[in-house]
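Undergrad: give me a model of this one.
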Amino acid sequence: MKFLYEVSSEIVLLKTCKGLEGKYIDYLSSVTKKRILGVGSLVADADQAEDENSEILQWLSKKEPNSTVYI
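TA: Predicted structure coming up:
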């Protein structure tokens, strides 16, 4: 079984950013001998995101206004 970084030529894109996980990106780059680029959070398909978040939104709607911070 090969990992995706093993079949890429020189660059690996990750769904993250250097500001959050810089030391891990640097480590992975040194281990794989590849250039690792964080491409940030990618926007999910609106229909898929709506389905995944519906349970969360229902839960949040039951809370008092300004009583809950969801991250």
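
Undergrad: show me where this structure dips below the pLDDT cut-off.
TA: The model of the chain has pLDDT under 70 over residues 1-8, 42-53, 69-71.

Undergrad: can you show me the strands along it?
TA: Taking DSSP state E as the test, the strands found in the chain are 11-14, 35-38.

Undergrad: could you list the paired strands of the last one along with their orientation?
TA: Put plainly, it is strand 35-38. Strand 35-38 has the following strand partners under DSSP bridges: strand 11-14 (parallel).

Undergrad: residues in contact with the partner strand: which ones?
TA: 4-5, 25, 28, 32, 34-39 (Cβ atoms under 8 Å, 6 or more residues apart in numbering). (C-beta placed from N, C-alpha, C; glycine too.)

Undergrad: in it, which residues are buried?
TA: Using 16 or more other Cβ atoms under 10 Å as the test for burial, strand 11-14 gives 12, 14.

Undergrad: test my guess that residue 16 contacts residue 25.
TA: Yes: contact criterion Cβ atoms under 8 Å: residue 16 and residue 25 qualify, at 7.1 Å.

Undergrad: pull up the overlap in contacts between the two.
TA: Common neighbours of residue 16 and residue 25 (Cβ under 8 Å, 6+ apart) are residue 38.

Undergrad: what segments of the chain are helices?
TA: For the chain, the helices defined by DSSP state H cover 4-7, 18-32, 46-61.
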